[in-house]
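Asks: Below are the sequence and a predicted model; questions follow.
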Amino acid sequence: MKNKIFGKLFTLCLGVMMSVVAVACVDQHAENISGEVKSSEEIRIIATSNATLWICDALDLDLAARCATGGDIPERYKDLPEIGTAMSPDVEAIALLEPTDIIGPDTLMETIKPTYDALDLPYTFIDLQSVEGMYDSIELLGQKYGKESEAASLVEEYHQILDEFEKGIEGKPKPTVLMLMGLPGAYIECTPNSYCGSLIGVAGAESVVQVDDDMNFVSWNTEELLKLDPDYILLTVHGLPFDAMEMFAEEFKTNDIWQHFRAVQEGHVYELDYTLFGMSATFEWPKALNVLKEILYDGTYKAYNMGAS
């Protein structure tokens, strides 16, 4: 199941070796909701991930508490009580706050939902596995909390940015891309069902890793990947970025098969900013698109220095 295996990815980021990682999708729509909306005076919302904090801020929602996070957070939420991290929320602390809604990403639903249900806690799991899913979720939250105007403005801006990008690449060849996500000691391939993998399609390119199910990530051997013959290889990381990039350096140094990839021979391997190409969609997605434009169409992005390995 998706979130059980998704949890293994984070375990790996703490240094546990992984042999095969497969992450299947849960409901890709933000429809997993319990509890009724109360009056504005009674609303006590808790946001359990950094991405949801920024969505709540954009919708002008007040919060009763927030997740602990090392990332930047909206100023209005900085002094709120913390209820643990996205992966390890303090459910007892959450229950004591008597929330009317707990908003978090649906990638964690399968792990956390049973506990919420056991404590009769209301929740809204939103889809952050694609840019489109994020804006669908924004519309849903806007309807739920009377913030339709704020949501509509955000959705309109999304379409304007996307339309402008598509005009900028109109008529250009459609490149093929292999995107790898590095973890300490291992790497996995991003499918179009993952957030970072979905950005390939948004950028007008095609992922060479295609699956018949809802897997977010797969673990294929390099011989299989070589047959896919991607025009570009993109590297992102998760968890412990320095350690993960060291893993990539060692992989390209010791695994000779990579030298047979056309993308490697042509110098079309690129290291991505993991804060832009991560597990969840964020409002930074236009920056990620611009990076892909520089790589795939403009040729202005600095290639990964494989000699540094």
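Replies: Nice, I can see it.
Asks: any idea which element Tyr270 lies in?
Replies: strand 269-271 (DSSP states H and E).
Asks: That strand pairs with which strands?
Replies: With DSSP bridges as the test, strand 269-271 is paired with strand 232-237 (parallel).
Asks: rewinding a little: next SSE downstream of the strand holding Tyr270?
Replies: helix 285-293.
Asks: helices or strands up against that following helix?
Replies: With contacts taken as 3 or more C-beta pairs under 8 Å, 6 or more residues apart in numbering; DSSP states H and E, helix 285-293 sits against helix 148-168, helix 195-202. For glycine as for every other residue, the C-beta is placed from the backbone atoms N, C-alpha and C.
Asks: could you dump these to CSV with mean neighbour count, distance to Leu53 and mean pLDDT?
Replies: CSV is the format used below for these (neighbours: other C-beta atoms under 10 Å; distance: least, C-beta to C-beta, whole Å; pLDDT from 0 to 100):
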stretch, mean neighbour count, distance to Leu53, mean pLDDT
helix 148-168, 14, 15, 97
helix 195-202, 23, 17, 96
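Asks: Name the helix or strand of this protein that has the lowest mean pLDDT.
Replies: Between all helices and strands in the chain, the lowest mean by mean pLDDT, DSSP states H and E belongs to strand 23-24, at a mean of 34.
Asks: Go through this protein and flag its longest strand.
Replies: What stands out as the longest strand in the chain, according to DSSP state E, is strand 176-183.
Asks: quick one: buried residues of that strand?
Replies: Within strand 176-183, the residues that count as buried by 16 or more other C-beta atoms under 10 Å are 176-183.
Asks: Pull the residues that contact the strand holding Tyr270.
Replies: 232-236, 245, 248, 263, 295, 301-304, 306 (C-beta atoms under 8 Å, 6 or more residues apart in numbering).
Asks: Repeat the analysis, applying 6 Å as the threshold.
Replies: 233-235, 295, 301, 303-304 (C-beta atoms under 6 Å, 6 or more residues apart in numbering).
Asks: so which of these comes closest to Ala51?
Replies: Leu234 (21.1 Å; C-beta to C-beta).
Asks: Quick check: the gap between the residue nearest to that closest one when sequence neighbours are not counted and Leu292.
Replies: Among residues not flanking Leu234 along the chain, Met179 sits closest, at 4.5 Å (C-beta to C-beta, 6 or more residues apart in numbering). From Met179 across to Leu292, the span is 10 Å (C-beta to C-beta, to the nearest Å).
Asks: repeat for Tyr304
Replies: Look at Tyr304 and Leu292: by C-beta to C-beta, they are 15 Å apart.
Asks: So those two - more neighbours on which side?
Replies: Neighbour totals were compared for Tyr304 and Leu292, and Leu292 leads with 27 against 22 (other C-beta atoms under 10 Å).
Asks: Test my guess that the more buried one contacts Ala203.
Replies: Yes - if you go by C-beta atoms under 6 Å, Leu292 and Ala203 touch, sitting 4.0 Å apart.
Asks: Just the pLDDT at the closest residue to Pro175 other than its chain neighbours, thanks.
Replies: Sequence neighbours aside, Asp231 is the residue nearest to Pro175 in space, at 4.3 Å (criterion: C-beta to C-beta, 6+ apart). The model reports Asp231 with a pLDDT of 97.
Asks: just the one 4 residues further on next, same as before
Replies: If you check Leu235, the pLDDT there is 95.
Asks: and Glu294, what does it touch?
Replies: Residues in contact with Glu294 (C-beta under 6 Å, 6+ apart) are 300-301.
Asks: again with the one 10 residues further on
Replies: Neighbour list for Tyr304: 269-271 [criterion: C-beta under 6 Å, 6+ apart].
Asks: Look at the residue nearest to Pro175 and say how many residues are nearby.
Replies: 18.
Asks: Please report phi then psi for it.
Replies: Here is the backbone geometry of Asp231 (degrees, to the nearest 10): phi -70, psi -30.
Asks: rewinding a little: now the contacts of Tyr304 as a markdown table including neighbour count, pLDDT and distance to Ile103?
Replies: Formatted as a markdown table, the contacts of Tyr304 follow (neighbours: other C-beta atoms under 10 Å; pLDDT from 0 to 100; distance: C-beta to C-beta, whole Å):
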| residue | neighbour count | pLDDT | distance to Ile103 |
| --- | --- | --- | --- |
| Val269 | 23 | 95 | 38 |
| Tyr270 | 22 | 95 | 34 |
| Glu271 | 17 | 94 | 32 |
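Asks: got those as JSON lines, with distance to Pro99 columns?
Replies: Shown next, in JSON lines, are those (distance: C-beta to C-beta, whole Å):
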{"residue": "Val269", "distance to Pro99": "45"}
{"residue": "Tyr270", "distance to Pro99": "42"}
{"residue": "Glu271", "distance to Pro99": "40"}
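Asks: out of these, who's nearest Asp120?
Replies: Looking across the contacts of Tyr304 and measuring by C-beta to C-beta, the closest to Asp120 is Glu271, at 46.0 Å.
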